[in-house]
Structures are given as C-alpha cells and as structure tokens.
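Q: I'll drop the sequence and a predicted model, then ask my questions.
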Amino acid sequence: MADLTDEHRAMLDFERVHWRYPAGKESEVRERFGLSLSTYQKRLNALLDEPAAVQYAPSTVRRLRRLRQKRIAARRQSRTSA
C-alpha cells in the first residue's frame, strides 16, 4: 500500500477524535464506514503497519501501535498465567 486512500485517511482522522462521539465508537464506525467494529479493527490494524499511515498521522499511529502492543502483551500474560 504505497499511498493512503480517502478511507484510510478518514479512519486515521476518526481515531484521532473518536472519543468525542457520544453514541460510542461501534455505532459511529457503522455509520461512517459501514463496517462492523471487528472488520474496522482488522483494517485499522493492517493500516497501522503502513509507512504512509505514519507519515499522515504519526502521533495517532504511534498511540494506536502502543495500545495494540499492550493488548498483545495482556493476551500473552493471561495465557501463561492460566
């Protein structure tokens, strides 16, 4: 993925301010993107690994990558402690 599409830019823009929407993230994702939250998350996670995404929204991508790493670490921890 060399360049970002309009949808990719919209996703990154949304992630920058999604907490502002009182209806919640899931309903806003359905309304804006026409996707289920799980499908949106899969697309977003793939987008986070793209260099063009970092160029477009560096602080947002870094924040989301950190959150993703924390979730992965928590899953690993719960598997080893079970």
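A: Yep, that arrived. These figures come from a predicted structure and were not determined experimentally.

Q: and Ile72, how far from Arg65?
A: 10 Å (CB to CB, to the nearest Å). Where you see a C-beta, it was placed from the backbone N, CA and C, and this is true even at glycine.

Q: secondary structure element holding the residue nearest the centre of the chain?
A: Centroid check for the chain by CA atoms, centre = their mean gives Leu44 as the closest residue, at 4.1 Å. Per DSSP states H and E, Leu44 falls inside helix 37-48.

Q: helices or strands up against that helix?
A: helix 6-17, helix 25-33, helix 58-81 (3 or more CB pairs under 8 Å, 6 or more residues apart in numbering; DSSP states H and E).

Q: now for those, which one comes closest to Thr39?
A: helix 25-33 (8.7 Å; CB to CB).

Q: so for the closest one, mean pLDDT?
A: Averaged over helix 25-33, pLDDT sits at 92.

Q: what are the phi and psi values at Tyr21?
A: The phi/psi pair for Tyr21 (degrees, to the nearest 10) reads phi -90, psi 120.

Q: count the neighbours of it for me.
A: 14 (other CB atoms under 10 Å).

Q: for it, give its distance to Ile72.
A: In terms of CB to CB, Tyr21 sits 26 Å off from Ile72.

Q: without its sequence neighbours, what residue ends up closest to the residue nearest to the centre of the chain?
A: Spatial nearest neighbour of Leu44, chain neighbours left out: Met11 (5.8 Å); criterion: CB to CB, 6 or more residues apart in numbering.
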